[in-house]
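Colleague: coordinates only, no sequence provided:
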């Protein structure tokens, strides 16, 4: 029975299932499942994070490298696998510590097919074989298994171990739905196996054996020097959380592969961030994640708050971050198709908010729960609070549920800022798509929201933005959403300056670990439960975006540094990427309501990596040279995968093995554009005398004209390119270079 043949070749073999050590060839539903058995405990392990100790290692986007460590009864084992080619994998294991005599601790490779097709062990060839739709899987091992047993299922194999122990031979066999290749840690403390798909048994066997002779898979570090490991962490979080949805038959990057919310679970807001994080490396995966997020679009117009295999909360939504993420994906990749695929659902969602959550028609919205569907918590105050994503935030403590309007009594600051940002991004999307009337419509909606936020949600007495009762009174409790008016551009310059004072106030938001979701002087802060006092990566990211929008680069850089340090405290030690963190100690797992491998934890190191190479909703592609040594990438860009290196004060942009651009300008290049026959950027900062920018593979004779604002620049010869003197440039100057589109130029 042929399975899902549209899976990309680069990830057909992968850690698709809820068992992360299990390798699955998704197109045919073929599986190789490691099963551990401890005689001391008389217990088996399928290496499942909710039941067993699992430490996630490196994971490429795709299958070039997959690493993890596990432990059972004191025996520690590491697994590594990597693609030899799209149809061939090499896997290995190694025990680093033994909790019992190795002859009594067994590692088994269980070979099976989801279709139930029989697996056969060929004693002469010493390989396991299974045929699906005239295609063969061969599993060869470096050492012959101690014994081979036959079972009807993985659970039957586990029962055999747990009931009969390791010293049992009655289940020996050579054909069954599950063939178990058994090894023990006395004789095979380390081992390797080759997995190969081919169109004949002989070819599959040959390729599986050849895989055993290939060296162990490895990948180069993505970020060294400044913010070391930041991009690597983003990659590993995305790689491990990208799994197979068996209900909807699709690939997606789950919020976490650990939660048990059903066979699949999609929170709208969280899934959009999965799209953002995956776009750093793979625009196809990003597009898929956005499609999964928007698959919850309802006939009413909103995108459902959550859809799982058990329930769908269609009566409410979540903060509308989809247009922001779609626009960032477009800026990073240049893929117009991302906008085309998401625009309709996103524009309907924007209009739904304004129709359904503004009961008084004043232009500001409140969160609520509509009278549709049958989702859990529908028609309750808790259900309404779900729309903010900050379910138990102290900012909701004074909100009362109005059964007549089905909304809370407060204007929610965070939601209104998200809606204004969403409208602004939709306007940009519509303009690119040639929908001029809608671009104007959404620009006007964004402007109106900004005006109302600036005037109606600003508490002059405290000098800060806050939630407000619809009848006028401001809510006492604050959260970092007080800084969200920076993201949507609602704050006046004077208001923005006042916000910086709060950002630096140790009694409210400042501290070693930031940003607490409840101010430190709020009684709710000490509760340290979920949104009451803890630090949330998605919130830090939004505040960081707002600081950058207003040009508060020093404060943005400080937040990026603090976020990186917070993340690395748990990542380096335990490989934990937490849903949220303690705002006093920075600990991740100090209470039981934190998931240890959550997708949006990747936003903390992402901020740090984007301090070198990033994509801004307003200033586009940005490169930063602060003189500190760094190597970052490859990451996706409009040129394709590129990397950045800063050495001896010179920044180099490298496309593959080819250097595209170099500059010793210390500051930021923003709004970078490589077009056919033209390069342009904006200088964020004033260059020192003698500062230069060079384009490589474009000789001076290829340059038609070059201008720094209105000043003409000469094209000087440089190594393999043309060099331009930036002396005298002022902050905000635009550099434009027109050149012949010769074959050696950047296209």
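Modeller: Cool, got the structure. What you see is a predicted model, and the numbers here were worked out from it, not measured in a lab.
Colleague: just say helix, strand or coil for the most centrally placed residue in the chain.
Modeller: A centroid search over the chain (C-alpha atoms, centre = their mean) returns residue 277, at 3.2 Å, as the residue closest to the centre. Secondary structure, DSSP: H, G, I helix; E, B strand; the rest coil: residue 277 is helix.
Colleague: try residue 107
Modeller: Quick answer, by three-state DSSP: residue 107 is strand.
Colleague: the helices in the stretch 151-300 of the chain, which residues?
Modeller: 154-164, 201-212, 230-241, 268-279, 283-294 (DSSP state H, counting those that start in this stretch).
Colleague: distance from the fourth one to the middle of the chain?
Modeller: Once both centres are worked out by C-alpha atoms, centre = their mean, to the nearest Å, helix 268-279 turns out to sit 6 Å from its chain's centre.
Colleague: for that helix, packing partners?
Modeller: Packed against helix 268-279 by the contact rule (3 or more C-beta pairs under 8 Å, 6 or more residues apart in numbering; DSSP states H and E) you find helix 230-241, strand 250-253, helix 283-294, helix 322-333, helix 537-549, helix 603-609. Using the backbone N, CA and C atoms, a C-beta is placed for each residue, glycine as well.
Colleague: that one vs helix 283-294, what angle?
Modeller: 180 degrees (axes from the mean of the first three to the mean of the last three C-alpha atoms, to 10 degrees).
Colleague: before we move on, what about the first one?
Modeller: Angle between the axes of helix 154-164 and helix 283-294 is 90 degrees (criterion: the same axes, to 10 degrees).
Colleague: just checking, what packs against helix 154-164?
Modeller: Short answer (3+ C-beta pairs under 8 Å, 6+ apart): helix 154-164 packs on strand 30-38, strand 43-45, strand 105-113, strand 147-151, strand 178-184.
Colleague: identify each buried residue in that helix, please.
Modeller: The neighbour-count check on helix 154-164 (16 or more other C-beta atoms under 10 Å) flags 154, 156-158, 160-161 as buried.
Colleague: for stretch 575-585, same thing?
Modeller: For stretch 575-585, by 16+ other C-beta under 10 Å, it's 575-584.
Colleague: for those residues, give me TSV that also has distance to residue 35.
Modeller: As requested, the buried residues of stretch 575-585 are arranged in TSV below (distance: C-beta to C-beta, whole Å):
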residue	distance to residue 35
575	23
576	26
577	27
578	29
579	30
580	34
581	35
582	36
583	41
584	42
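Colleague: burial count for residue 456?
Modeller: 15 (other C-beta atoms under 10 Å).
Colleague: for residue 345, what are its contacts?
Modeller: With contact taken as C-beta atoms under 8 Å, 6 or more residues apart in numbering, residue 345 is in contact with 294, 297, 303, 322.
Colleague: now the two most distant members of these.
Modeller: 297 and 322 (9.8 Å; C-beta to C-beta).
Colleague: who does the helix or strand hosting residue 416 touch, helix- and strand-wise?
Modeller: Applying DSSP states H and E as the criterion places residue 416 in helix 413-432. For helix 413-432, the helices and strands in contact under the criterion 3+ C-beta pairs under 8 Å, 6+ apart are helix 322-333, helix 336-356, helix 436-456, helix 484-488.
Colleague: check which residues of it are buried.
Modeller: Neighbour-count burial for helix 413-432 [16+ other C-beta under 10 Å]: 413-430.
Colleague: and for stretch 559-571?
Modeller: 559-560, 562-564, 566-571.
Colleague: out of those residues, which sit inside helices?
Modeller: Using DSSP state H, the members of the buried residues of stretch 559-571 that fall within helices are 559-560, 562-564, 566-571.
Colleague: and which of those is nearest residue 675?
Modeller: Using C-beta to C-beta, those come closest to residue 675 at residue 560, 29.7 Å.
Colleague: count the neighbours of residue 520 for me.
Modeller: Count around residue 520 with other C-beta under 10 Å applied: 17.
Colleague: verify the contact between it and residue 511 for me.
Modeller: Yes: counting by C-beta atoms under 8 Å, residue 520 does reach residue 511; the two are 6.8 Å apart.
Colleague: sorry, back to before: make CSV out of the buried residues of stretch 559-571 and add pLDDT and distance to residue 610.
Modeller: Output for the buried residues of stretch 559-571, formatted as CSV (pLDDT from 0 to 100; distance: C-beta to C-beta, whole Å):
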residue, pLDDT, distance to residue 610
559, 98, 12
560, 98, 8
562, 98, 15
563, 98, 11
564, 98, 11
566, 98, 16
567, 98, 14
568, 98, 16
569, 98, 20
570, 98, 21
571, 98, 17
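Colleague: adding distance to residue 336, write those residues out as TSV.
Modeller: Below are these laid out as TSV (distance: C-beta to C-beta, whole Å):
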residue	distance to residue 336
559	32
560	30
562	36
563	32
564	33
566	37
567	33
568	37
569	40
570	39
571	36
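Colleague: can you tell me which of those is closest to residue 595?
Modeller: For the buried residues of stretch 559-571, the nearest to residue 595 is residue 570 (12.3 Å; C-beta to C-beta).
Colleague: give the contact list for that closest one.
Modeller: 576-578, 581, 586-589.
Colleague: and residue 291, how far from residue 350?
Modeller: 18 Å (C-beta to C-beta, to the nearest Å).
Colleague: low-confidence ranges, this structure, go.
Modeller: For the chain, applying pLDDT under 70 flags the ranges 1-4, 742-747.
Colleague: need the contact list for the residue sitting furthest away from the middle of it.
Modeller: Going by C-alpha atoms, centre = their mean, the residue of the chain most distant from its centre is residue 170, 47.6 Å out. Taking C-beta under 8 Å, 6+ apart as the contact definition, residue 170 lies against residue 164.
Colleague: I'd like to know how far the spatially closest residue to residue 450 that is not a sequence neighbour sits from residue 303.
Modeller: Spatial nearest neighbour of residue 450, excluding adjacent residues (C-beta to C-beta, 6 or more residues apart in numbering): residue 490 at 4.1 Å. Shown here: residue 490 relative to residue 303, a distance of 23 Å by C-beta to C-beta.
Colleague: one more: residue 70?
Modeller: 37 Å.
Colleague: these two: who's more crowded?
Modeller: residue 303 (26 against 22).
Colleague: buried set for stretch 527-541?
Modeller: Applying 16+ other C-beta under 10 Å to stretch 527-541 flags 527-528, 530-541 as buried.
Colleague: repeat that for stretch 697-716.
Modeller: Applying 16+ other C-beta under 10 Å to stretch 697-716 flags 697-700, 702-703, 706-708, 713, 715 as buried.
Colleague: inside strands: which ones of the contacts of residue 570?
Modeller: Cross-referencing those against strands under DSSP state E gives no overlap.
Colleague: name the nearest residue to residue 456, ignoring sequence neighbours.
Modeller: residue 364 (6.3 Å).
Colleague: how about residue 108?
Modeller: residue 35 (4.4 Å).
Colleague: now do residue 172
Modeller: Nearest to residue 172 is residue 149, by C-beta to C-beta, 6+ apart, at 5.6 Å.
Colleague: same thing with residue 689?
Modeller: Closest to residue 689 by C-beta to C-beta, 6+ apart is residue 727, at 4.9 Å.
Colleague: cool, and residue 224?
Modeller: Using C-beta to C-beta, 6+ apart, the closest residue to residue 224 is residue 631 (4.7 Å).
Colleague: wait, a helix at that neighbour?
Modeller: No: counting by three-state DSSP, residue 631 is not found in a helix; it is strand.
Colleague: OK, contacts around it?
Modeller: For residue 631, the contact set (C-beta under 8 Å, 6+ apart) comprises 221, 223-225, 643-646.
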